[in-house]
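Participant: Requesting a structural model of the entry that follows:
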Amino acid sequence: VDIYSVEKGYERLCVLEGASSFITHLDWDSTSTYLQLNSGAGERLIFKIVGEQSELADESALPEQLQWASWTGVLGQTV
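Facilitator: Sure thing, here's the model as predicted:
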């Protein structure tokens, strides 16, 4: 998944890698720091994105106050 900055004229900031299949659902948290993806292989991946850096986040280490701005995914704790 490629992440672009609208504010920087659609400059590509980073590429999120790790999904073994196509992406079915995508949701940002309310601060636009975390992004969760569901894939066609039944994976739920969560990325922490800060500026141009991204890392795959461990679900057990997510902040307790994390709130998703949307939840379209079919995998995860609130399903």
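Participant: just to confirm, which helix or strand has the residue nearest in space to the middle of the chain in it?
Facilitator: Closest residue to the average C-alpha location of the chain: L35 at 1.9 Å, with C-alpha atoms, centre = their mean. Assigned by DSSP states H and E, L35 falls within strand 34-39.
Participant: Just the C-alphas of that strand, formatted as CSV.
Facilitator: The C-alpha atoms that make up strand 34-39 are tabulated as CSV, following Å, rounded to 0.1, in the frame of the first residue of the first chain:
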residue,chain,number,x,y,z
TYR,A,34,-2.2,4.0,12.7
LEU,A,35,-3.6,2.3,9.7
GLN,A,36,-5.2,-1.2,9.8
LEU,A,37,-5.6,-3.4,6.7
ASN,A,38,-7.5,-6.6,6.1
SER,A,39,-6.3,-8.7,3.2
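Participant: how about the very next helix or strand once past it: buried residues?
Facilitator: For strand 34-39, the following helix or strand on the C-terminal side (DSSP H and E) is strand 44-50. Using 16 or more other C-beta atoms under 10 Å as the burial criterion, the residues of strand 44-50 that qualify are R44, L45, I46, F47, K48, I49. C-betas here are computed from N, CA, C, even on glycine.
Participant: ok, the residue of the chain positioned farthest from its centre to A19 distance?
Facilitator: Distance from the C-alpha centroid of the chain, by C-alpha atoms, centre = their mean, peaks at G9 (21.3 Å). According to C-beta to C-beta, to the nearest Å, G9 and A19 sit 27 Å apart.
Participant: I appreciate the help and will end here.
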